[in-house]
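> Sequence first, then the predicted structure:
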Amino acid sequence: MSMPTVGEAVILIPGFMGSRLVRPEDGQTVWLDPEWNLLHLAEAIDLLRLRSPDDRRLVPGGVLERVPLGAFSPQVYTPLLEFLTTGEKGIGYPASSIHTFAFDWRRSIEEAAYALDSKIGRWASGYRSDRPFVVLAHSYGGLVAAHALFTGNHAAARVALLVTFGVPFGGLLKTLASLQQADEIDDLPFGPSRLAELLGDWPGSYDLMPFRETTGLIFDSRKRPRSASSAGFLADGFRADLATESAQRLRRHSVPLPEDIEGKVPPLGPRPLPVPVRAIVGSGVETAVGVRVSPSGRYQIVKGFEGDGTTPVRGALDFATAHPGDRVVYPVPYGHHVGLVKHPQAFRYLRTELRHGTRERFVVVATPRSRLLPAGSPNELTIEVRDGAGEGLIGSFPPRVSFSAPVKWTEAASEVEATARQYIRFAMPAQPVRVTVTIPGLPPNVQPEPVLVVPAV
């Protein structure tokens, strides 16, 4: 059986709300057990509220591999765990070498990172190599991993590779949007207003918000960039004290950028991560991509499609590595935030990196929003062309697009990455049509497969 060529073991770190929280005295799962939650709603909400920094009424109880809904139980991390240990079509790690790190995502990133670093130190003693671990981190879990790499005693010396799925290195806006409009966040089985009330009191919610002005997600009325702690938000549920504390914690993730104006405090940019990073980034899903703040402190959320439904592309790309060649971006067009960890395109990237020990020299994808729609419906094809470091190549290697039948189409560049991503927009034809994309100048083996779009009957 083929074996992985990178790392002896894997550490899976789930995202925000991706770890079960249990009552320690009897092991009852409070997050997430929908049936119990509905029968004990008031008690569940009270237990999820953090009464104080020392509130230990709930503790981590394992990774949320699936949402328990009886016969219909959506899988969360189970497909990825199975893919890692399957030898034929997956990676082939022994099951005993897969470690999962569950943590209390309500609490600060600092607390979770300290616990992760301690576990890495303990787990490492069971392996031969100096850097035995590949870390797979989803969403908020990637920020926890980064914090451990920046501040811990073990992580930077024991991790061989960090692979991230929709990680908001520069922050995201969904938790902020949820304080203003409660139905922005998944609330099953709690009412959205109740969950939004809890979010505003969790330190972890603020660690997800944009903490660097240079990320370009928050702007004031004079179009000056701001962060969650400097924007002056005055909104129900928003706690300025928790935002300030979060900004202080996350300063460890930033370094001053070069500044030409003498005497001016330089802005902060991403601190280079000390290990190679492969960032799997989704786009094409409606996402909160910006915030405009009025002088009164009220704010307006701006929606767009440069994101995965939760993490905006700007936030996902706001990271650096110590060596330029260690930074690779792998795109998943129309990849939804939760689904990134089980997306076939993401699995292909993982096989290339972990099974074969190589990385893509060029990354070229051509993906339709939908392959099946009624005739006349608007559709879209996303084309991404990057080099191995994730830099856009569309300017140097412009794509050629052809349809197998007459179709009127328009071309539009990405607002965030014009050199890496463009959109081909068209109305669905009345008959099946094959769309062919070629990138002149790039090798034949990286050319995307033709795409067949079919009108629904």
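Thanks, I have it.
> Chain neighbours aside, what residue packs nearest to S139?
Closest residue in space to S139, ignoring its immediate chain neighbours: G15 at 2.9 Å, by Cβ to Cβ, 6 or more residues apart in numbering. Glycine gets a C-beta too; all of them are placed from N, C-alpha and C.
> Assign a three-state SS to the one you found, would you?
Counting by DSSP: H, G, I helix; E, B strand; the rest coil, the backbone at G15 sits in coil.
> Phi, psi for the residue nearest in space to the middle of the chain please.
Nearest to the mean C-alpha position of the chain, by Cα atoms, centre = their mean, lies G166 at 1.5 Å. Per-residue torsions, G166: phi 60, psi 40 (degrees, to the nearest 10).
> cool, V454 as well?
Per-residue torsions, V454: phi -130, psi 130 (degrees, to the nearest 10).
> I'd like the numbering to begin with 14 instead of 1 from here.
OK, 14 is where the count begins now, so the last one is V467.
> Could you check how far it is from E123?
51 Å (Cβ to Cβ, to the nearest Å).
> re earlier: from what I can see the residue nearest to the centre of the chain touches T300, true?
No: counting by Cβ atoms under 8 Å, G179 sits too far from T300 to count as a contact (10.4 Å).
> Could you tell me which residues touch both of these two?
Contact with both G179 and T300 is made by residues 321, 323-324, according to Cβ atoms under 8 Å, 6 or more residues apart in numbering.
> Just send those back as CSV, with distance to D233 too.
CSV is the format used below for those (distance: Cβ to Cβ, whole Å):
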residue, distance to D233
D321, 26
T323, 24
T324, 23
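> For G105, state which of the residues you listed is nearest.
Closest approach to G105 among the shared contacts of G179 and T300 (Cβ to Cβ): D321, at 28.1 Å.
> who touches that closest one in this structure?
D321 touches 179, 294-296, 298, 300, 329, 345, 348-350, 353, counting by Cβ under 8 Å, 6+ apart.
> next one: S409
Each residue near S409 by Cβ under 8 Å, 6+ apart is listed here: G454.
> per-residue confidence for it?
Looking at S409, its pLDDT is 96.
> just the one 10 residues further on next, same as before
In this prediction, P419 carries a pLDDT score of 94.
> quick check, it in a strand?
No: counting by three-state DSSP, one finds P419 to be coil, located in no strand.
> quick one, phi psi at it?
phi -60, psi 120.
> Show me this structure divided up by domain.
The chain resolves into domains spanning 14-224+248-297+321-372, 375-469 when parsed by automatic domain parsing.
> which of these has the lowest average pLDDT?
Among the domains of the chain, domain 14-224+248-297+321-372 scores lowest, at a mean of 91.
> still on that earlier bit, Throw the domains of the chain into CSV and include distance to I231, thanks.
As requested, those are exported to CSV (distance: least, Cβ to Cβ, whole Å):
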stretch, distance to I231
domain 14-224+248-297+321-372, 6
domain 375-469, 15
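> of those domains, which approaches A241 most closely?
Across these, closest to A241 is domain 14-224+248-297+321-372 (Cβ to Cβ), at 3.7 Å.
> ok, now how distant is the residue nearest to S152 from H266?
17 Å.
> for S121, what are its contacts?
216-217, 220, 258-259, 262 are the contacts of S121 under Cβ under 8 Å, 6+ apart.
> cutoff 6 Å now
P216 (Cβ atoms under 6 Å, 6 or more residues apart in numbering).
> What of R237?
Per Cβ under 6 Å, 6+ apart, neighbours of R237: none.
> go on, T432?
Contacts of T432 (Cβ under 6 Å, 6+ apart): 405, 407-408.
> which stretches of the stretch 114-263 of the chain form strands?
With strands called from DSSP state E, counting those that start in this stretch, the stretch 114-263 of the chain shows them at 146-151, 172-178, 231-233, 238-239.
> Could you dump those strands into CSV with mean neighbour count and distance to N458 added?
Below are the strands of the stretch 114-263 of the chain laid out as CSV (neighbours: other Cβ atoms under 10 Å; distance: least, Cβ to Cβ, whole Å):
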stretch, mean neighbour count, distance to N458
strand 146-151, 27, 26
strand 172-178, 25, 23
strand 231-233, 20, 42
strand 238-239, 18, 41
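> which stretch among the ones you listed comes nearest A359?
strand 172-178 (6.7 Å).
> What strands line up against that closest one, and which way round?
Strand 172-178 has the following sheet partners, assigned by DSSP bridges: strand 146-151 (parallel), strand 290-296 (parallel).
> any residues touching the last one, and which ones?
Just to be clear, that refers to strand 290-296. 175-179, 321, 326, 329, 334, 340-346, 348, 353, 359, 366.
> Okay, and which of the residues you listed map to helices?
326, 329, 359 (DSSP state H).
> right, and out of those residues, which lies closest to Q41?
A359 (33.6 Å).
> residues in contact with G328?
181, 183-185.
> Let's see that with 8 Å instead.
181-185, 223, 228, 230, 320.
> May I ask which of those has the most neighbours?
Counting neighbours by other Cβ atoms under 10 Å, P181 leads these with 33 neighbours.
> From A329, how far off is that one?
Taken as Cβ to Cβ, the span from P181 to A329 is 6 Å.
> Next: G310.
With Cβ to Cβ as the criterion, G310 and A329 are 27 Å apart.
> V157 now?
16 Å.
> coming back round to it: put together TSV for the ones in helices among the contacts of strand 290-296, with distance to R447 on each row.
Formatted as TSV, these follow (distance: Cβ to Cβ, whole Å):
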residue	distance to R447
V326	29
A329	32
A359	26
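> Nearest to L63 among the residues you listed?
So of the ones in helices among the contacts of strand 290-296, ranked by how close each gets to L63 (Cβ to Cβ), first place is A329, at 27.9 Å.
> give me every residue that touches the residue nearest to A335 when sequence neighbours are not counted.
The shortest distance from A335 to any non-neighbouring residue, by Cβ to Cβ, 6+ apart, is to P285 (4.5 Å). P285 makes contact with 268, 333-335, according to Cβ under 8 Å, 6+ apart.
> Among the residues you listed, which lie within strands?
Judged by DSSP state E, the subset of the contacts of P285 located in strands is 268, 333-334.
> circling back to that earlier point, what's the most distant pair in the contacts of P285?
Going by Cβ to Cβ, the pair spanning the contacts of P285 furthest: V268 and T334, at 12.8 Å.
> Could you look up the SS state of the residue lying closest to K355 once chain neighbours are set aside?
Leaving out its chain neighbours, the residue that sits closest to K355 by Cβ to Cβ, 6+ apart is P92, at 4.0 Å. Going by three-state DSSP, the secondary structure assigned to P92 is helix.
> what's around P92, how many residues?
When neighbours are defined as other Cβ under 10 Å, P92 has 17 of them.
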